[in-house]
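Participant: Just a sequence and a predicted model for now, questions to come.
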Amino acid sequence: MPSGQQARAQASQQARAQASAITPGGPGKPGGPPSAAEPAPADKVRALFGGHRLSPGQRRIAQYITDHLTEAAFLSITDLAERVGVSQPSVTRFASSVGFSGYPALREALQPIALSAVANVPGAREEDRRNELQAAVDAEIENLESLRRAFTDTDRVLEIGRELARSVPLTILGLRISVSLAEYFAYAAMRIHPDVRLVSRGGSVAYDALLQAREAGGTWVLAFAMPRHSKEMLAAMRAARRTGLRVALITDAGLGPLAGEADVTLTAGTGSRLVFDSYAAPGILSAALLQAMADADPERTQLRLEKYEQAAEQHDFFLDD
């Protein structure tokens, strides 16, 4: 079996050989300068993978193929798995996840794109790599623009904020990757609400906490569910409803099993261009809901914030910036 270095050299030679066999043509044709309207090779690859929910491990495979297109498109499944540092079955599952019957079919779709990159756009791969972080920011800007359009009518957010403000205690539920959003919300809500309870563990621990909250007089749970959506979150939401609690859900999708178990669903898109998701829009939505809670009972909010500032000054919490 050839070494990794030999395999890379063979792949590059194959790409150059096939590219050199292309007959020169006019703009947008093989061998000619690309049309102004023609997407860059990396954009074609992203479009090939787009619209599919990929795990962090699968995103590593997708990123490697995008960054090393002219080589990766001609690698065997063994060599690609070795480059990325994953197993061969992982590569096969990745190909299936993006809609192909297997890795050979995926490679067949990638090769014409790789050939066009070699023939028409020298150096495009380096440029695409430099701009990948900007592309991730652009995707988040689109999520924020979508949320901004949804905020044209604020009545729904204001009403949910009032309901959450009235629920004493108020339970905040977030498991796995969603814990960070739940912790942020709970930390801020404690400044303006008299009894906030954070549930960040699933199973029987979550059920016990939800049952205690209901017996203490709570009426609402605010749940955060970001991809990948877990079975234990679905079980926790069902448990909350069985106890008599109502569930408000902040998630990335308005449809699906989780939304089906919620009394109210608020959606905000997540950024998925990097290995791990980013949450600019869910963060803004959370802050807007906190604002609605604060406005629902302005006297209580002001009193609690003043007491907190007094405690912060007394105990010297913060640096003098």
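Facilitator: Received the coordinates, thanks.
Participant: Only C-alpha atoms from now on, for both contacts and neighbour counts.
Facilitator: OK.
Participant: Pull the residues that contact stretch 101-110.
Facilitator: V45, L69, A73, F74, I77, V91, T92, R93, A95, S96, F100 (Cα atoms under 8 Å, 6 or more residues apart in numbering).
Participant: count of residues packed around the last one?
Facilitator: What that stands for is F100. By other Cα atoms under 10 Å, the residues close to F100 number 16.
Participant: Would you mind giving the secondary structure of it?
Facilitator: Under DSSP: H, G, I helix; E, B strand; the rest coil, the three-state class of F100 is coil.
Participant: and the closest residue to it other than its chain neighbours, how many neighbours does it have?
Facilitator: Using Cα to Cα, 6 or more residues apart in numbering and skipping residues adjacent in sequence, the residue nearest F100 is L106, 5.9 Å away. Neighbour count for L106, taken as other Cα under 10 Å: 19.
Participant: Over to V45?
Facilitator: The number of residues near V45, taken as other Cα under 10 Å, comes to 21.
Participant: what sits against it?
Facilitator: T66, L110, I113.
Participant: Tell me the bridge partners for W220.
Facilitator: Note on W220: beta-bridge partners R246, judged by DSSP bridges.
Participant: which SSE is the residue nearest to D297 when sequence neighbours are not counted in?
Facilitator: Among residues not flanking D297 along the chain, A165 sits closest, at 7.4 Å (Cα to Cα, 6+ apart). Taking DSSP states H and E as the definition, A165 sits inside helix 155-166.
Participant: quick one: contacts of that helix?
Facilitator: 170, 193, 220-222, 248, 288-294, 296-297.
Participant: Can you list which of those are found in helices?
Facilitator: A288, L289, L290, Q291, A292, M293, A294, A296 (DSSP state H).
Participant: Between these, identify the one with the most neighbours.
Facilitator: M293 (25 neighbours).
Participant: Next, the most centrally placed residue in the chain: phi, psi?
Facilitator: Centroid-nearest residue in the chain: D277, 3.1 Å away (criterion: Cα atoms, centre = their mean). Main-chain dihedrals, D277, degrees, to the nearest 10: phi -60, psi 150.
Participant: Check F224 too.
Facilitator: Torsion angles, degrees, to the nearest 10, at F224: phi -110, psi 130.
Participant: G57: neighbour count?
Facilitator: 16.
Participant: The closest residue to it other than its chain neighbours - how many residues pack around it?
Facilitator: Closest residue in space to G57, ignoring its immediate chain neighbours: V275 at 7.7 Å, by Cα to Cα, 6+ apart. Applying other Cα under 10 Å, we find 17 other residues in the vicinity of V275.
Participant: show me what contacts V275?
Facilitator: P56, G57, R59, R60.
Participant: Now flag whichever of the residues you listed is closest to H229.
Facilitator: Nearest to H229 among the contacts of V275 is P56, at 13.6 Å by Cα to Cα.
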